[in-house]
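>>> Pasting the sequence and the predicted coordinates here, then a few questions.
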Amino acid sequence: MKENESKYQAPALDKGLDIMEYLSLKATSLSQTEIAAGINKKPNEIYRMLVCLENRGYLIRDEVSGKYKLSLKLFHLSHRHSPVDDIRRASQFPMDELSSEINQSCHLGILYIEKLMVISQSRSPGAISLSIEEGSLFPLLLTTSGRVLLAFMRDEERLHLLRRNDLYMSQSAKQQKQTLTLLDEIKTLGYCVKDSDSTRSVTDICIPLCTSQGDIIAALTVAALTSKSDQSISFDAIVEKTKVAAEKILERLGLN
C-alpha cells in the first residue's frame, strides 16, 4: 500500500460507501446480516454505519422486516446540478438532426468510473433502428466509443486508466503495444470506423468531442445498420455529417 493511501484512509467512510454500493446492486431490501456478508464484514462492524446512513436519509429501513434499501436521496443529490444534463440538453437536437439526415441511430458516450456510459441517444427515423439504453455501461477497450475516448485522452490520463483496466493488464506486452498503437492510429486519423464488437451487421462511426484546449468530453457514435437495403449514403459522408453534429454540440456547450 502506498504511503499516501495508508495515511489518508477513512475506514468508517469506506464501510458506508461499501454498503451503499452493495445495496445499489440489489433489487430487494437486505438485512444487516445479508449486507455484512455481501461486503465481507461482520454484522456488528456495520451497525453504526447503517444507523448513520438511515438517520441521514440515504437508507430506508422497513418497519416490519427491519431490512434496508437505498432511498432516492443520492438520485436527488446527483440531479441538483449535473454537467451530464448540460451535455444531454446540448446534444439532443444535433443528434436528432443527424439521425434524420443519415437515417441511422446515434448515441453519445462519456467516461464514467473507468467505463463507457451512454448518456443520450437518437433513434433512426426508419422502421428499423438500433437502440442503446441510456445509462448503459460498457468496457472501454471493447467498444469503438471507448477506444476513441482513450485515444484522445492526455497521455498520462490514458496510462493511468489502462493500468487500472483488467483487460489491458491481462494482455501480453505485445498485445499491450498493439492496443497503444491502435489508439495512436485513431488519434492520428481523428475518428474511428469499425465493425461493432457486440452487434453483427453494425458499423460504428465515432467522432470525439474535444474542447478547444484538447480535452475530450464525449464520443458521438453512429451505429450504422449495414444490412439496411438503403445504402445511399456512404460511410465517408456519415463521418463528415457526424463531425458537423459534434461541432454543433460543442458550440451549444460553448466549448469550441
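Here it is on my side, so go on. Numbers count the residues shown, from 1 in each chain.

>>> what bridges to the closest residue to residue 68 other than its chain neighbours?
Spatial nearest neighbour of residue 68, excluding adjacent residues (CB to CB, 6 or more residues apart in numbering): residue 59 at 4.9 Å. Heads up, the C-betas are built off the backbone N, CA and C, glycines and all. Note on residue 59: beta-bridge partners residue 70, judged by DSSP bridges.

>>> Pretty sure residue 59 sits against residue 70.
Yes. Using CB atoms under 8 Å, residue 59 makes contact with residue 70 at a distance of 6.4 Å.

>>> From the neighbour counts alone, determine which of the two ranks first.
The neighbour comparison of residue 59 against residue 70 (other CB atoms under 10 Å) goes to residue 59, with 23 against 19.

>>> So for residue 59 and residue 70, which residues contact both of them?
20, 23 (CB atoms under 8 Å, 6 or more residues apart in numbering).

>>> Spell out the residue ranges of the helices in this protein.
3-7, 11-24, 32-38, 43-55, 73-78, 83-102, 144-151, 155-163, 166-170, 173-189, 235-253 (DSSP state H).

>>> and residue 84, how many neighbours does it have?
16.

>>> List the residue ranges of the protein that fall below the pLDDT cut-off.
Within the chain, the stretches with pLDDT under 70 are 1-8, 78-81, 129, 227-232.

>>> Now do the domain split for it, please.
According to automatic domain parsing, the chain comprises the domains 3-77, 83-253.

>>> From the chain's centroid, how far away is the shortest one?
On the basis of CA atoms, centre = their mean, to the nearest Å, domain 3-77 is displaced by 24 Å from the centre of the chain it belongs to.

>>> and residue 197, what is it in contact with?
142, 143, 144 are the contacts of residue 197 under CB under 8 Å, 6+ apart.

>>> An error on my part: the question was meant for residue 15.
39, 41, 45, 46, 49.

>>> ok, of the residues you listed, which come out buried?
For these, a burial check counting by 16 or more other CB atoms under 10 Å picks out 39, 46, 49.

>>> can I get those in CSV with distance to residue 224?
Below are the buried ones among the contacts of residue 15 laid out as CSV (distance: CB to CB, whole Å):
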residue, distance to residue 224
39, 43
46, 49
49, 49
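
>>> From these, pick the one nearest residue 249.
Nearest to residue 249 among these, counting by CB to CB, is residue 39 at 39.8 Å.

>>> and residue 179, how many residues sit next to it?
Residue 179, neighbours per other CB under 10 Å, totals 18.

>>> do the same with residue 168
Residue 168: 18 neighbours (other CB under 10 Å).

>>> now it, nearest residue through space, not along the chain?
Closest residue to residue 168 apart from its sequence neighbours, by CB to CB, 6+ apart: residue 162 at 4.6 Å.

>>> neighbouring contacts of stretch 164-184?
114, 139, 140, 141, 142, 147, 150, 151, 158, 162, 163.

>>> Just the buried ones from those?
Buried members of the contacts of stretch 164-184, counted by 16+ other CB under 10 Å: 140, 141, 147, 150, 151, 158, 162.

>>> Could you single out the nearest of the residues you listed to residue 199?
residue 147 (15.9 Å).

>>> Contact partners for the closest one?
140, 141, 182, 183, 186, 192, 206.

>>> looking at those, which has the most residues close by?
residue 206 (28 neighbours).

>>> what's near enough to touch that residue?
144, 145, 147, 148, 191, 192, 193, 194, 219, 220, 221, 222.

>>> 6 Å instead, please
Taking CB atoms under 6 Å, 6 or more residues apart in numbering as the contact definition, residue 206 lies against 144, 145, 148, 192, 219, 221.

>>> circling back to that earlier point, could you say which of the domains of the chain is packed most deeply?
Per residue and on average, the most neighbours among these fall to domain 83-253, with a mean of 17 (mean count of other CB atoms under 10 Å).

>>> what about it, start to end distance?
Start-to-end span of domain 83-253 (CA to CA, to the nearest Å) is 10 Å.
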